[in-house]
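got a structure for you, letters missing:
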Ligand SMILES: CC(=O)SCCNC(=O)CCNC(=O)[C@H](O)C(C)(C)COP(=O)(O)OP(=O)(O)OC[C@H]1O[C@@H](n2cnc3c(N)ncnc32)[C@H](O)[C@@H]1OP(=O)(O)O
Ligand SMILES: O=C([O-])CC(=O)C(=O)O
Ligand SMILES: [Mg+2]
C-alpha cells in the first residue's frame, strides 16, 4: 500500500510561529509555502526561514515545499535554497507543461548528485490549477518518475475558468474527476483540493466526503482544525471493516468450495467487490485499526 498522505497542511513560509508549531497537528504531510501565501517582498526571507525550519526542526510529518513556478523569477532560487535541506517532495504549482516537470526533475537530480543524496529521494507533487493543466493531467503525472501525487488547485483553477467558487463545488466537477482519473492511470496519489472557509465545518465535511467517495487518497488543508476531520472521514468505519471481513470470508469459502458466483446478504460478490474489501482491510491495517492477517486465494485474475 502507498504511503498515507491523507492530509497536506499548508503553512505560509513567512510565518515563523506557524512553521515552528506545525508538527504538533499530526498532519501526514506539511507543505511549507513559498508561493501564493508569501508576498513578493518576503520571498527571499521566507525561503531561508523554510530551509532552516526543515534543517533544524524535527517534524513527525513528511515535509514538502511549494515553490514558485519555474516560469517566475523565484522558482529556481527557491530550489537552490531548499534542495540542500532535502525535503521529501517539491510541490510544483500551476503545473501545465511536461517540459517544466522534466526541468524540475533535472534540477533535483543535479542537487542530489551535488549533496550526495540517494538518487530519486526527493519526490514531486503537482498542483494542477489551469484549464491547460487539467486537460494534460495524465501527461503531467507521468512526466517524471519522481511524481508521487497530483492535486487540484481549486482557487486558481476557478479564476482561470472565469467561474465562481461555491460552497458545493459543482464548478469543479470535471477537474475533480479528471485529476482522479489521471492519478489512477499514472499510478500516483490523488490529492483533493483545499476548502477555504475555515469557519464552515459542515461544508468542509461534505467536501471531504465527496473526495473520499470518488477515490482520492487525501486532501490539501489550510487549517489544523481540518486535519482530524479528514483523518476521521478517510478512516474506514467499523461497519465497512465488518462488511469487508464478511466479503473476504465468503469469498474464501467460495474459492475453497470451488463454487461460482456467490452472494452475501443478497448482494453479489465478484472480483471488484473483493478488491474493494481488500483495500478497506489494507487501509484499516495501515491505520492500526485491525491486526489480524487475512489470507485467501484470489481466483479472478
Ligand atoms: C489557495 C492556496 O494557495 S492555499 C495555500 C496557501 N495558503 C496558506 O498556506 C494558508 C494557510 N493557513 C493559514 O495561514 C491560516 O490558517 C489562516 C491565515 C487562514 C488563519 O490563521 P489564524 O487566523 O492564525 O487561524 P486561527 O486563529 O484559527 O489559528 C489557530 C491556531 O492554529 C494555528 N494555525 C492556523 N493555521 C495554521 C497553519 N496553516 N499551519 C500551522 N498552524 C496554523 C495558528 O497559528 C493558531 O495557533 P496558536 O493558537 O498557537 O496561536
Ligand atoms: O495548491 C493547492 O492545493 C491550492 C491552490 O493553490 C489553489 O487552490 O489555487
Ligand atoms: Mg493556487
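Looks like it came in fine. Treat the numbers as computed from the prediction; the structure is a model and nothing was measured. Residues are numbered from 1 along each chain as shown. Ligands and ions are numbered 1, 2, ... in the order given.

wait, residue 105 sits on residue 126?
No: contact status for residue 105 versus residue 126: not in contact, 11.8 Å apart, counting by Cβ atoms under 8 Å. In this view, the C-beta of every residue, glycine as well, is placed from N, C-alpha and C.

beta partners of the closest residue to ligand 2 within the stretch 1-150 of the chain?
Of all residues in the stretch 1-150 of the chain, residue 127 sits closest to ligand 2, at 3.8 Å by Cβ to the nearest ligand atom. On the basis of DSSP bridges, residue 127 is bridged to residue 151.

OK, contacts around it?
Remark: with contacts taken as Cβ atoms under 8 Å, 6 or more residues apart in numbering, residue 127 is in contact with 66, 91, 92, 93, 94, 95, 150, 151, 152, 153.

if we use 7 Å, what do you get?
Contact analysis of residue 127 by Cβ atoms under 7 Å, 6 or more residues apart in numbering lists 91, 92, 93, 94, 95, 151, 153.

what are the ranges of the helices in this protein?
16-21, 43-56, 75-82, 98-114, 131-135, 137-141, 154-161, 173-186, 201-214, 226-234, 238-256, 271-286 (DSSP state H).

let me have those helices in TSV, adding distance to ligand 3 and mean neighbour count as columns.
TSV is the format used below for these (distance: least, Cβ to the ion, whole Å; neighbours: other Cβ atoms under 10 Å):
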stretch	distance to ligand 3	mean neighbour count
helix 16-21	18	14
helix 43-56	16	18
helix 75-82	14	20
helix 98-114	15	16
helix 131-135	11	18
helix 137-141	15	22
helix 154-161	4	18
helix 173-186	13	18
helix 201-214	17	17
helix 226-234	17	19
helix 238-256	33	16
helix 271-286	29	17
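
make JSON lines from the ones you listed and add distance to residue 5 and mean pLDDT to it.
Shown next, in JSON lines, are the helices of the chain (distance: least, Cβ to Cβ, whole Å; pLDDT from 0 to 100):
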{"stretch": "helix 16-21", "distance to residue 5": "20", "mean pLDDT": "98"}
{"stretch": "helix 43-56", "distance to residue 5": "18", "mean pLDDT": "98"}
{"stretch": "helix 75-82", "distance to residue 5": "19", "mean pLDDT": "98"}
{"stretch": "helix 98-114", "distance to residue 5": "19", "mean pLDDT": "98"}
{"stretch": "helix 131-135", "distance to residue 5": "20", "mean pLDDT": "98"}
{"stretch": "helix 137-141", "distance to residue 5": "15", "mean pLDDT": "98"}
{"stretch": "helix 154-161", "distance to residue 5": "18", "mean pLDDT": "98"}
{"stretch": "helix 173-186", "distance to residue 5": "12", "mean pLDDT": "98"}
{"stretch": "helix 201-214", "distance to residue 5": "13", "mean pLDDT": "97"}
{"stretch": "helix 226-234", "distance to residue 5": "10", "mean pLDDT": "97"}
{"stretch": "helix 238-256", "distance to residue 5": "20", "mean pLDDT": "89"}
{"stretch": "helix 271-286", "distance to residue 5": "12", "mean pLDDT": "90"}
